[in-house]
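>>> From the sequence below, what's the structure:
(one chain, ligands or ions: 2)
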Amino acid sequence: MSDNKVLASFDEIRALMQEVPGPDISAGADATARQAQLTKPAGSLGRLEEIAAWLATWQGRHPAVVDRPYTAVFAANHGIAARGVSAYPAEVTKQMVANFINGGAAVNQLCALSDADLRVYEMALEEPTADFSETPAMTEEDCVRAMAYGMMAVEDNIDVLALGEMGIGNTTSAAALCTALFGGTAADWAGRGTGIDDPTLARKIELIDQAMERHRAVMTDPLEILRCVGGLELSAIAGAVLAARMSRTPVLLDGFACTAAAAVLYAIDPRALDHCMVAHLSVEPGHQRLLETIGQTPLVDFGMRLGEGSGAAMAILVLKAACACHTGMATFAEAGVSGPA
Ligand SMILES: O=C(O)c1ccc[n+]([C@@H]2O[C@H](COP(=O)([O-])O)[C@@H](O)[C@H]2O)c1
Ligand SMILES: Cc1cc2nc[nH]c2cc1C
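Ligands and ions are numbered 1, 2, ... in the order given. Modelled structure (predicted):
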């Protein structure tokens, strides 16, 4: 967001959320009207038709385009990782950032395929958030600053924003966010992340339960929940989702961690994610539960559980497919094909 002022408090985030634009109903209706003219039985392109209308609705123009897709991956470290909740050591966060920069990760290949610009946002990797099973992960200042950082990643003239994260330990943070935001038990939301064994999963659940106890009194609203058990990259994602709404940029959310971050905004206002689609269903079991809770249907279910924006980057290709059909197909009149009898 090029014109954004510096945000300093949760109150300013809350105020900003009151100002977000709604859908462009007329652009969406134009897309739906064109669908009816194209040389295919009504509705036969299924979800591709829905996507073309959704893109127009949230870009605020018809026809929508996906010529300038952009992938933003936010990377940060988590204090909770020191409690042994991941199958990998925390150093992997920094090492994977180097891999992203060198072009060696899955997300690099997928962005290259969809002609998406890829930017990696490194967030104080040497300074993990506090261990949230003991103390709040962040101060309000740190959390707001991370959200503002995420907002600044949303540049002008992006047609679609694919979001992702990298942060060893962040499926513990994501599960804690979901437990606090939407209820249920830690066991309902926690999964194997990078591939932990049974004893590690039991510890992960116990630590989340402990965090729920410890922060119960202060986790009075979604932003406080984000501050207490979230992370820097998850806060940045929430900020980016909000900024994208302000600048009429549709968003593709990646897996469990990314969707959990965005769900903070949903918990404040259920309309806050209407400009977002969830790219894929993660293997992480909490993802399915989360999608049911926030009313989202993932675009694909490929058994992926990588993170780093890989599913979102891949789904850019699906959006391109929707636009290609919507703009390139002939109408019944143009092609001289008879309409329905
Ligand atoms: O978002 C998901 O669906 C997802 C599921 C499993 C693993 N991840 C990635 O793996 C890391 C978090 O896993 P963990 O086990 O360290 O909590 C982090 O870098 C995520 O990008 C992400
Ligand atoms: C190797 C590796 C790559 C990742 N990409 C996103 N999260 C990750 C976690 C690990 C462990």
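>>> The residue nearest to residue 164 when sequence neighbours are not counted and ligand 1: what is the separation?
Sequence neighbours aside, residue 309 is the residue nearest to residue 164 in space, at 2.0 Å (criterion: Cβ to Cβ, 6 or more residues apart in numbering). Where C-beta positions appear, they are placed from N, C-alpha and C, glycine not excepted. Distance, residue 309 to ligand 1, by Cβ to the nearest ligand atom, to the nearest Å: 8 Å.
>>> Any figure for the gap between residue 309 and ligand 2?
Per Cβ to the nearest ligand atom, residue 309 is found 9 Å from ligand 2.
>>> Enumerate the residues of the stretch 151-300 of the chain near ligand 1.
Residues of the stretch 151-300 of the chain lying near ligand 1 by Cβ under 6 Å from any ligand atom: 165-172, 193-194, 254-258, 282, 284, 287.
>>> So which of those are in helices?
Residues from these lying in helices, with DSSP state H as the criterion: 170-172, 256-258, 287.
>>> For residue 118, give me the backbone phi and psi.
Main-chain dihedrals, residue 118, degrees, to the nearest 10: phi -120, psi 130.
>>> bridging residues for it?
The residues listed as beta-bridge partners of residue 118 by DSSP bridges are residue 71.
>>> give me the number of residues near it?
Close neighbours of residue 118, defined as other Cβ atoms under 10 Å, add up to 23.
>>> what does residue 185 give?
Neighbour count of residue 185, defined by other Cβ under 10 Å: 12.
>>> With residue 139 instead?
Neighbours around residue 139, by other Cβ under 10 Å: 11.
>>> Look up how far residue 9 lies from it.
Separation of residue 139 from residue 9 (Cβ to Cβ, to the nearest Å) stands at 11 Å.
>>> now swap in residue 267 and tell me
Distance from residue 267 to residue 9, counting by Cβ to Cβ: 18 Å.
>>> what does residue 299 give?
Taken as Cβ to Cβ, the span from residue 299 to residue 9 is 35 Å.
>>> For residue 103, give me its contacts.
For residue 103, no contacting residues are found, by Cβ atoms under 8 Å, 6 or more residues apart in numbering.
>>> repeat for residue 158
Listed by Cβ under 8 Å, 6+ apart, the contact set of residue 158 reads 68-70, 244, 247, 249.
>>> Now rank the residues you listed by neighbours and give me the top one.
Going by other Cβ under 10 Å, residue 244 tops the contacts of residue 158 with 27 neighbours.
>>> just for the stretch 1-150 of the chain, where's the confidence low?
1-5 (pLDDT under 70).
>>> where along it do the helices fall?
Remark: helices assigned in the stretch 1-150 of the chain by DSSP state H, counting those that start in this stretch are 10-18, 25-37, 47-59, 91-102, 106-113, 140-152.
>>> Which stretch among the ones you listed approaches ligand 2 most closely?
Taking Cβ to the nearest ligand atom, helix 91-102 is the member of the helices of the stretch 1-150 of the chain nearest to ligand 2, at 4.7 Å.
>>> give me phi/psi at residue 327?
Main-chain dihedrals, residue 327, degrees, to the nearest 10: phi -90, psi -30.
>>> Which one of the contacts of residue 158 is nearest to ligand 2?
Among these, residue 70 lies closest to ligand 2 (Cβ to the nearest ligand atom), at 18.8 Å.
>>> so what's that closest one up against?
Listed by Cβ under 8 Å, 6+ apart, the contact partners of residue 70 are 116-117, 119, 155, 158-162.
>>> For ligand 1, what is the nearest residue in the stretch 201-341 of the chain?
Using Cβ to the nearest ligand atom, the closest approach of the stretch 201-341 of the chain to ligand 1 is made by residue 307 at 2.0 Å.
>>> Tell me how far the residue nearest to residue 164 lies from residue 121.
For residue 309, the distance to residue 121 equals 11 Å [Cβ to Cβ].
>>> mind checking how far the residue lying closest to residue 293 once chain neighbours are set aside is from ligand 1?
Among residues not flanking residue 293 along the chain, residue 182 sits closest, at 5.1 Å (Cβ to Cβ, 6+ apart). Residue 182 sits 17 Å away from ligand 1, going by Cβ to the nearest ligand atom.
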